[in-house]
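# Provide a 3D model corresponding to the input given below.
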Amino acid sequence: ATLAASLELPLFPATPAMKPSAIVTEALAAMGREGANVLLIDTAGRLHIDDTLMEELSEIRRLANPTEILFVADAMTGQDAVTVARAFHERIGMTGVVLTKLDGDTRGGAALSVKKVTGAPIKFMGVGEKVEAFETFHPERMASRILGMGDVLTLIEQAQQNIDQKQAETQARKMLDASFDLTDFLEQIRMVRKMGPLDQLMKLIPGMGAAIKDAPIPGPAEIGQIEAIICSMTLKERAQPGLINTSRKRRIAAGSGTSINDVNKLLRQFQKSRKMMKSFGKMSKKLKGRPDMPNPFAGLGMGG
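Numbers count the residues shown, from 1 in each chain. Model (predicted):
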């Protein structure tokens with residue numbers, strides 16, 4: 001019910017007292033009244049073979065005559081997932097597999113063998129708890145992730161879906177000429193947040209999977225703290241961080257529920273980042289005048 005409400009989709013209001021066969025029959029009737037063209041039937045999960053539950057599934061299949069029968073496998077489950085999948089396929093049949101919990105440390109090896117056992121393709125995967133973390137499965141991308149080579153294509157797709165291109169290009173220009181301020185930084189944080197947890201995004205970048213084990217990545221709470229600190233500043237302070245003296249830091253810390261040390265840390269990191277980007281900007285301008293040298297900044301909206 002919570003999921004349907006968040007997606008603004010109609011839900012058939014079944015009750016615990018209703019038998020599964022009755023739920024399906026009445027849901028199909030409700031589907032016709034709603035004028036809906038898709039019905040999702042979410043059956044009870046099972047880790048072991050139970051004849052009663054399997055008979056229940058057979059009856060549901062007979063009543064619904066579904067176009068798709070998807071087997072949902074927990075990537076963290078071992079050989080049990082393969083055993084259940086084989087029995088499920090023999091008794092009910094399946095047209096595809098959904099792998100969940102692929103955002104954890106597990107490689108999903110046992111779950112991947114479900115494809116070998118059943119012959120059914122893996123169609124979707126879950127890499128988080130939110131709806132946005134439900135993705136189409138691409139075997140070559142999963143192989144790349146398993147080998148620690150990242151998944152740049154998925155990262156690009158997430159960026160295209162969640163980030164405004166013109167806004168990103170404007171901010172890239174500001175970063176390279178060191179004119180970006182804390183308001184721009186706040187916008188960047190909010191854009192990246194739409195794409196998902198930062199540690200999961202870093203794993204999609206080639207070579208970064210091992211690096212984040214050594215260098216801790218800011219979690220949602222830390223990023224929220226940075227956002228709170230910036231939001232406690234005036235627009236003038238965001239544009240000119242140099243104006244922030246001790247008394248202003250005290251006010252900002254009180255307004256964001258943080259400490260003066262937290263405010264100082266953010267300001268130091270921001271100044272360090274701006275200085276570094278300024279040096280990148282100078283390098284980009286030098287490369288622009290060298291037709292024999294490839295410009296690594298060409299993709300940042302700098303007009304080549």
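# ranking helices and strands of the chain by mean pLDDT, which lands last?
Across the helices and strands of the chain, mean pLDDT, DSSP states H and E gives its lowest value to helix 208-214, namely a mean of 50.
# helices or strands next to the next helix-or-strand element following that one in the packing?
Once helix 208-214 ends, the next helix or strand along the chain (criterion: DSSP states H and E) is helix 220-231. Applying 3 or more CB pairs under 8 Å, 6 or more residues apart in numbering; DSSP states H and E, one finds that helix 220-231 contacts helix 182-195, helix 246-256, helix 260-288. In this view, the C-beta of every residue, glycine as well, is placed from N, C-alpha and C.
# let's go with 6 Å and repeat that
Where contact means 3 or more CB pairs under 6 Å, 6 or more residues apart in numbering; DSSP states H and E, helix 220-231 is packed against helix 182-195, helix 260-288.
# how about residues contacting that helix?
For helix 220-231, the surrounding residues in contact (CB atoms under 6 Å, 6 or more residues apart in numbering) are 182, 186, 189, 256, 258, 263, 266.
# repeat the analysis, applying 8 Å as the threshold.
For helix 220-231, the surrounding residues in contact (CB atoms under 8 Å, 6 or more residues apart in numbering) are 182-183, 185-186, 189-190, 193, 197-198, 218, 238, 252-253, 256-258, 262-263, 266.
# residue 254: neighbour count?
12 (other CB atoms under 10 Å).
# now do residue 116
Other residues within reach of residue 116, judged by other CB under 10 Å, total 8.
# gap between it and residue 17?
Residue 116 sits 41 Å away from residue 17, taking CB to CB, to the nearest Å as the criterion.
# and if you look at residue 76?
33 Å.
# who has more neighbours out of the two?
Applying other CB under 10 Å to residue 76 and residue 17 shows that residue 76 carries more neighbours, namely 15 against 6.
# could you check how far residue 67 is from residue 251?
60 Å.
# so where's the stretch 201-304 of the chain shaky on pLDDT?
Where the stretch 201-304 of the chain drops to pLDDT under 70, the residues are 201-219, 277-304.
# repeat that with 80
201-221, 272-304 (pLDDT under 80).
# list the contacts for the closest residue to residue 246 other than its chain neighbours?
The spatial neighbour of residue 246 that comes closest, neighbours along the chain excluded (CB to CB, 6 or more residues apart in numbering), is residue 260 at 7.7 Å. Counting by CB under 8 Å, 6+ apart, residue 260 makes contact with 246, 249, 250, 253.
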